[in-house]
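1. Pasting a predicted model and its sequence here:
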Amino acid sequence: MDAPAHAATAALPPQGGARVRWLALALLALALLGLGLGASVGSTGFDSLLRAWHDAVAWQIVWDIRLPRTLGAWLAGALLGLAGAVAQGLFRNPLADPFLLGSASGAALAVALTFAALGAGGLVAGGHGVALLQAASPWLARLGFTGAAFVGALGGVLLALVLAQGVQQTLRLLLAGVVVGYVLGAVRELVQLAQPDVLQAMQGFSLGVTGFVGWGACAVMAAVLAPLLPLAWALARGLDALSLGEATARSLGLPLGLLRALLIGVLALATGTAVAQTGLIGFVGLVAPHLARALARCTHGPLLLLASLMGGLLLTAADIAARLLIAPQELPVGVLTAVLGGLYLLWLMHRRGRAGGALQ
C-alpha cells in the first residue's frame, strides 16, 4: 500500500463493531414494536390487536389497511434514510437530503401534469381515477399516478445530470440539482395557476401521505430496497475515500466517474420509489443519518444500514403519531416530520454552536 492509501485508511473512522450490531438489532426490534403499534392504531385511537383477532371485520381492517400502511411507512422511511446517507456522503455535506438533485420537484410536476390532463376537479369530487384514467388516456391508465411520480423523479435527476454535463464535478452537479428543483417547481406553480383544481388535488401529495399505501406498494418498495442496500454497501468504501477529498480518492485508484454514477443511481431509485408511494415527506432523509452518526461512529458501510433502519423507525413513529394526536382526524405525516425534524436540527445547531463545532 502506498503512502496516500495508507494515510487514507488510517484516517477513516472505525467500523463500529459490536456497538453497530447492537444498535442495528435495537432498531429492528423497535421497528417490530412499531409495526405492532401501527396495526393497533385506527381512526378511534388505540385498539388492541387481541380484539381484532376475534373479530373478522376488525381483522380485515388490520390486515388490509393498518398493517400495509405501517409497513409501507417503514419501507419508505428506510429508502429515504438510505438516500439521505448516500447524498450526504456523495456531496460531503451534512445538510444534503434525498431531494437535492431535483427528484422531488420532478415527481411533483409529473403528478400535477397528470392531474391537469385528467381533470383534477373530477378527482377531488371523488372519482378515484381508474375509470377517469381509462377514459382520458390508455397510457396514463397504465402509468398511473404512482408511475408518473416515479418517472418524474427520475426525470428530474436526469435533467440535473444533463445540466451538470455528467457526474465528474460534484459541485456542478449540486448546483444543477438546485437549479432543476427551482425551475421544475416554478413550472408546477404555473400548472396550478392555470388549473386551480390541481392545487387542491396536489395537497395530499405535497404534504406526504401514508394512508393509501397497500400491499402492492409495500412489495414495490421492498423490491427496490432489497438490492439497493447491498449495492450501497459495496460502494461504501468509495464514500469513505470521497469523504477525505477527491484527490485522496483518486490516489487510491478509484474510478470516480463510475462511482458517482452508481451512487446517484442508488439515490435516484430510492428517492423516486419512496416519493412515488408516499408523496413528499421531508426531513426523514436528512435527520436519519445524523441520528445514526450520533449513536455510532462508523464508516459509511454500517452508516448506510443504520440510516436506513433509523429512517424506517422515524417515519413509522411519525405515522403512528399522525393518527393518534388528533384522532379521529389525521395530521399529514409530512407536516409532522418537518416540524420534528426541524426542531431536532435547530437543537443540534444550538448544541454544536455552544460547543464551537460544525453541524455534522
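-> Received it, and whenever you're ready, just let me know what you need.

2. going forward, measure contacts and count neighbours with C-alpha atoms only.
-> Noted.

3. gap between the residue sitting nearest the centre point of the chain and residue 98?
-> Within the chain, one residue has its C-alpha closest to the average C-alpha position: by CA atoms, centre = their mean, that is residue 80, at 2.3 Å. Using CA to CA, to the nearest Å, residue 80 is found at 7 Å from residue 98.

4. about what we covered before: list the contacts of the residue nearest to the centre of the chain.
-> Residue 80 sits next to 98, 270-271, 274, 284-285, 308, 311 when contact means CA atoms under 8 Å, 6 or more residues apart in numbering.

5. Adding pLDDT and neighbour count, write the residues you listed out as CSV.
-> Compiled in CSV, the contacts of residue 80 are given as follows (pLDDT from 0 to 100; neighbours: other CA atoms under 10 Å):
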residue, pLDDT, neighbour count
98, 89, 28
270, 92, 25
271, 92, 30
274, 92, 30
284, 93, 31
285, 92, 34
308, 97, 31
311, 95, 34
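
6. Which neighbours do residue 80 and residue 98 have in common?
-> When contacts are counted by CA under 8 Å, 6+ apart, the set common to residue 80 and residue 98 consists of 271, 285.

7. Next, give phi and psi for the residue nearest to the centre of the chain.
-> Its backbone dihedrals place residue 80 at phi -70, psi -40, with angles given as degrees, to the nearest 10.

8. swap in residue 41?
-> As for residue 41, its main-chain torsions (degrees, to the nearest 10) stand at phi -110, psi 120.

9. pretty sure it is touching residue 322, no?
-> No - look at residue 41 against residue 322 with CA atoms under 8 Å: they stay out of range, at 10.3 Å.

10. Using the three-state scheme, assign residue 98.
-> With DSSP: H, G, I helix; E, B strand; the rest coil as the basis, the three-state label of residue 98 is coil.

11. tell me the contacts of it?
-> Here residue 98 is in contact with 80, 83-84, 87, 267, 271, 285-286 (CA under 8 Å, 6+ apart).

12. let's see 6 Å
-> 83-84, 285 (CA atoms under 6 Å, 6 or more residues apart in numbering).

13. and which of those residues is nearest to residue 260?
-> Distances from residue 260 to these, taken as CA to CA, are shortest for residue 83 (13.5 Å).

14. give me the number of residues near the closest one?
-> For residue 83, the number of neighbouring residues by other CA atoms under 10 Å comes to 37.

15. The one 10 residues further on too?
-> Residue 93: 13 surrounding residues under other CA under 10 Å.

16. Next up, phi/psi of it, please.
-> Dihedral angles phi and psi of residue 93 (degrees, to the nearest 10) take the values phi -140, psi 120.

17. Next: residue 245.
-> Note on residue 245: its backbone torsions stand at phi 110, psi 150 [degrees, to the nearest 10].

18. gap between it and residue 256?
-> Separation of residue 245 from residue 256 (CA to CA): 11 Å.

19. between the two, which one's more packed in?
-> Neighbour tally, residue 245 and residue 256, criterion other CA under 10 Å: the higher count belongs to residue 256, 17 against 13.

20. residues in contact with that one?
-> Going by CA under 6 Å, 6+ apart, the list of residues near residue 256 is empty.

21. for residue 152, same thing?
-> Contacts of residue 152 by CA under 6 Å, 6+ apart are 106-107, 110.

22. what's the closest of those residues to residue 177?
-> residue 106 (10.8 Å).

23. For the closest one, I want the exact helix or strand it lies within.
-> Under the assignment given by DSSP states H and E, the secondary-structure element containing residue 106 is helix 103-118.

24. swap in residue 144?
-> helix 138-163.

25. So which elements touch the next helix or strand after that helix?
-> The element immediately downstream of helix 138-163 (helix or strand, assigned by DSSP H and E) is helix 170-194. The contact analysis (3 or more CA pairs under 6 Å, 6 or more residues apart in numbering; DSSP states H and E) places helix 170-194 against helix 103-118, helix 138-163.
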